[in-house]
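*Asks:* Predicted model, plus sequence, below.
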Amino acid sequence: MTRIFYDNIKFRLRGSRKFLKNIERVIRNEKKVLGDLNFILCGDKELLEINREYLKHDYLTDVIAFGYSQGRLINGEIYISVDSVKNNAHNYKVSLRDEVLRVMIHGTLHLCGYEDMKNEDRKRMRRIEDKWLKIFKNDVGI
C-alpha cells in the first residue's frame, strides 16, 4: 500500500491517487512487489535534520529514501522536501507537479536497487525518470 503523509507543511498534492498508482507501475515494471511504501512530504528543515541524524550529511537535499525491502518486496519511507522541490522546479523551469513526481520516482528507484553515487548511475536514473514522466503525462495527463 502506498500512502502520502504531510509533515508541518501547507502543500497538498492534488490528484495524489494518480501519482501513487503510477509509482506502483514503476515498482511492477522493475519486477518488484509493493509492500508498504510511505511518502512523507516535509520542509527543508525537517529533511536536513533527517539527513544529519541518520545519514550524517550536513546539507540540504530534495529526497531521502529508507528501504526496508526484503527480496522483491518493496517497503520503505521516502521523505521529500517540498521546499527543495519547489526550488528545483523553478531552477529547471518545470512544473511543481512534474518535479514532485520526478523525486517520487527517484526515491522509488532507490528502493528498487538503483544507485546514483557515480555519474553514469545518475544519468541512468535520470533517463528512467524522464521515461516514466513522459509515460505518465501521455497516459493520464499528470
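*Replies:* Looks like it came in fine.
*Asks:* tell me the SS of the residue nearest the centre of the chain?
*Replies:* A centroid search over the chain (Cα atoms, centre = their mean) returns residue 104, at 2.1 Å, as the residue closest to the centre. Following DSSP: H, G, I helix; E, B strand; the rest coil, residue 104 is assigned to helix.
*Asks:* Hmm, residue 57 and residue 51 touching each other?
*Replies:* Yes: under the criterion of Cβ atoms under 8 Å, residue 51 makes contact with residue 57 at 4.6 Å. Where C-beta positions appear, they are placed from N, C-alpha and C, glycine not excepted.
*Asks:* more neighbours, the two?
*Replies:* Taking other Cβ atoms under 10 Å, residue 51 and residue 57 do not tie; residue 51 has more neighbours (19 against 13).
*Asks:* and that one, what helix or strand is that in?
*Replies:* Element membership of residue 51 [criterion: DSSP states H and E] is helix 44-55.
*Asks:* for whichever helix or strand comes after that helix, packing partners?
*Replies:* Next along the chain after helix 44-55, taking DSSP H and E as the criterion, comes strand 63-67. Packing partners of strand 63-67 (3 or more Cβ pairs under 8 Å, 6 or more residues apart in numbering; DSSP states H and E): helix 44-55, strand 73-81, helix 96-111.
*Asks:* could the ones you listed go into CSV alongside mean pLDDT and distance to residue 61?
*Replies:* Below are the helices and strands packed on strand 63-67 laid out as CSV (pLDDT from 0 to 100; distance: least, Cβ to Cβ, whole Å):
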stretch, mean pLDDT, distance to residue 61
helix 44-55, 94, 6
strand 73-81, 97, 7
helix 96-111, 94, 10
